[in-house]
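# What follows is a predicted protein model with its sequence.
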Amino acid sequence: MNLESQLEKISQFKNLELLANQIVEGFISGMHKSPFHGFSAEFAEHKIYNQGESTKHIDWKLFAKTDRLYTKKYEEETNLRCHLIIDNSSSMHYPKLKDNQLFSESKIGFSILASAVLMNLLKKQRDAVGVSVYSDTYEYYASEKGSERHHRMILNQFETILNFTKESKKTDTITFLHQIAEKVHRRSMIVLFTDMFIDEDNEKLFKALQHLKHNKHKVVLFHVYDGKTELNFNFDNTPRKFIDVETGEEVNLFAENMKENYEKVVKNYFENISNTCSAYKIKYVPVSVDENFEKIITTYLVEKQKFG
C-alpha cells in the first residue's frame, strides 16, 4: 500500500493539516524563523551551481568526479529536534484487519500514520526528525535531519513495516529504550508509540524512560490500544480461544465470565502507568486506534510549546 496516498485519502488528515496550518501560521512559524540559513555540521543535499552564486560551498570533490559544479545545500538550524520511537512487536499488529479496514485500525498502522502526520508537521516547521523502530531487535534507526530525502527515506521504511507480516516477536522495550537514549545526544522531544505490553516489571521500564529524559529531553508516551477489545473486552459469550501473539500461548474461556475482572485490572494498570509517568514528568497519553488524530497533534503542539 502507498502511505502517501492513504494520507491523502483519510479525511482526518485534511483536518490535521488544517489544524497544523492554523497553529503553524500563528506562533510556530514566527518562533522558527531563522535570520540565516544554518551551517550545521552536515549538509542536506546537493544542488546544481548557478552562475553568480557564491562559490564558497561548491563541492570540488564531486566536480572532479562529474565535471559539473554542485553546491552543498545545508540544513537550516532548527529550534526543535524530534525523535519518534515505534514499537513494532507482534502485539502492535493487533487487531488483525479485515480486507475492508484501513491500515490505521491496527495499533502499528495507527502509530505509523500518527508518526507520518507528526513528520508532516515537523517538515512544515523546518524541524528535524529522527526515527527508531524496535521489536525483539533494534530494527531501524535514522538520526534527526530535515531534508526532503530524509523524509522520503523514513516514509519508505514506514511502508515496509506496513507491508510486512509480523512473525511472533516479543518486545524488548527496556533494552532498546536504553540504546536509543544513548543515540540521541542533542536536546530533543522524544515521542514513543507503544502498547505497553512488556514481560518485565514497570520499575525497569520507567528507569528506561527516565534514561530517555537525560540531556534535558522531553518524553511523550502515546499508549496505543484497541479500545473495543483490549480496554472494554467486548466479545460475545461463545467459547473463545485467546492467543498471545508474542508467545503463542493459548487459553480457552467464556469472555463474559472474565469481562468484569479483566476490565478492572486493565483500568488499574492504565491508572498506575499514568500516575508513574506523572511522577517522572513524562507526558502520558492513552489513545485508542478508533480515535482520530487530533489528540496526537494537539498533544504534540502543546508539549512543543512547553519544550521550546
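Alright, I've got the coordinates.

# ok, the closest residue to Ser188 other than its chain neighbours - contacts?
Residue nearest to Ser188 in three dimensions, not counting chain neighbours: Arg81, with 4.2 Å by Cβ to Cβ, 6 or more residues apart in numbering. C-beta: built from backbone N, CA, C; applies to glycine. Residues near Arg81 by Cβ atoms under 8 Å, 6 or more residues apart in numbering: Asp127, Ala128, Val129, Gly130, Glu144, Arg186, Arg187, Ser188, Met189.

# So which of those residues are in helices?
If you go by DSSP state H, those have nothing in helices.

# Let me know the closest of the residues you listed to Arg68.
Distance to Arg68 across the contacts of Arg81 (Cβ to Cβ) is lowest for Ala128, with 28.9 Å.

# now the closest one, nearest residue through space, not along the chain?
Counting by Cβ to Cβ, 6+ apart, Glu144 is the residue found nearest to Ala128 once chain neighbours are left out, at 4.1 Å.

# So for the one you found, what's the pLDDT?
As summarised for this prediction, Glu144 has a pLDDT of 94.

# That one reaches Leu80, doesn't it?
No. With contacts defined as Cβ atoms under 8 Å, Glu144 does not count as touching Leu80, sitting 9.4 Å away.

# shared neighbours, those two?
When contacts are counted by Cβ under 8 Å, 6+ apart, Glu144 and Leu80 have Ala128, Ser188 as shared neighbours.

# tell me which element Tyr262 falls in.
Of the helices and strands defined by DSSP states H and E, Tyr262 is found in helix 255-279.

# Pull out the buried positions in that helix.
Ala255, Met258, Phe270, Ile273, Ser274, Thr276, Cys277 (16 or more other Cβ atoms under 10 Å).

# mind giving me TSV with the residues you listed and columns for pLDDT and distance to Glu182?
Below are the buried residues of helix 255-279 laid out as TSV (pLDDT from 0 to 100; distance: Cβ to Cβ, whole Å):
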residue	pLDDT	distance to Glu182
Ala255	70	43
Met258	77	41
Phe270	91	29
Ile273	90	24
Ser274	93	27
Thr276	90	23
Cys277	92	22
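
# Looking at the residues you listed, which one is closest to Met153?
Closest approach to Met153 among those (Cβ to Cβ): Cys277, at 31.4 Å.

# helix, strand or coil for the nearest residue to that closest one once chain neighbours are set aside?
Using Cβ to Cβ, 6+ apart and skipping residues adjacent in sequence, the residue nearest Cys277 is Tyr284, 3.6 Å away. Classification of Tyr284 using DSSP: H, G, I helix; E, B strand; the rest coil returns strand.

# Contacts only, for Tyr284.
Residues Leu221, His223, Ile273, Ser274, Cys277, Ser278 are the ones in contact with Tyr284 under the rule Cβ under 8 Å, 6+ apart.

# starting at the chain centroid, how far to stretch 257-265?
Per Cα atoms, centre = their mean, to the nearest Å, the displacement of stretch 257-265 from the mean C-alpha position of its chain is 31 Å.

# Provide the contact partners of it at residue level.
With contact meaning Cβ under 8 Å, 6+ apart, stretch 257-265 is reached by Leu231, Asn232, Phe233, Phe235.

# Let's see that with 6 Å instead.
The set of residues that contact stretch 257-265 without belonging to it, under Cβ atoms under 6 Å, 6 or more residues apart in numbering, is Phe233.

# CA atoms of that stretch as CSV?
What follows is the C-alpha trace of stretch 257-265 in CSV, where atoms were taken according to Å, rounded to 0.1, in the frame of the first residue of the first chain:
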residue,chain,number,x,y,z
ASN,A,257,-17.0,-14.7,32.8
MET,A,258,-13.8,-12.7,32.6
LYS,A,259,-15.1,-9.3,31.4
GLU,A,260,-15.7,-7.6,34.8
ASN,A,261,-12.4,-8.7,36.4
TYR,A,262,-10.4,-8.1,33.2
GLU,A,263,-11.7,-4.5,32.8
LYS,A,264,-11.0,-3.7,36.4
VAL,A,265,-7.4,-5.0,36.1
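
# What are the buried residues along stretch 131-147?
Counting neighbours by 16+ other Cβ under 10 Å, stretch 131-147 gives 131-136, 139-140, 142-147 as buried.

# Of these, which is the nearest to Phe176?
Sorting the buried residues of stretch 131-147 by distance to Phe176 puts Tyr134 at the head of the list, at 4.0 Å, by Cβ to Cβ.

# quick one: which of the buried residues of stretch 131-147 sit in strands?
Val131, Ser132, Val133, Tyr134, Glu139, Tyr140, Ala142, Ser143, Glu144, Lys145 (DSSP state E).
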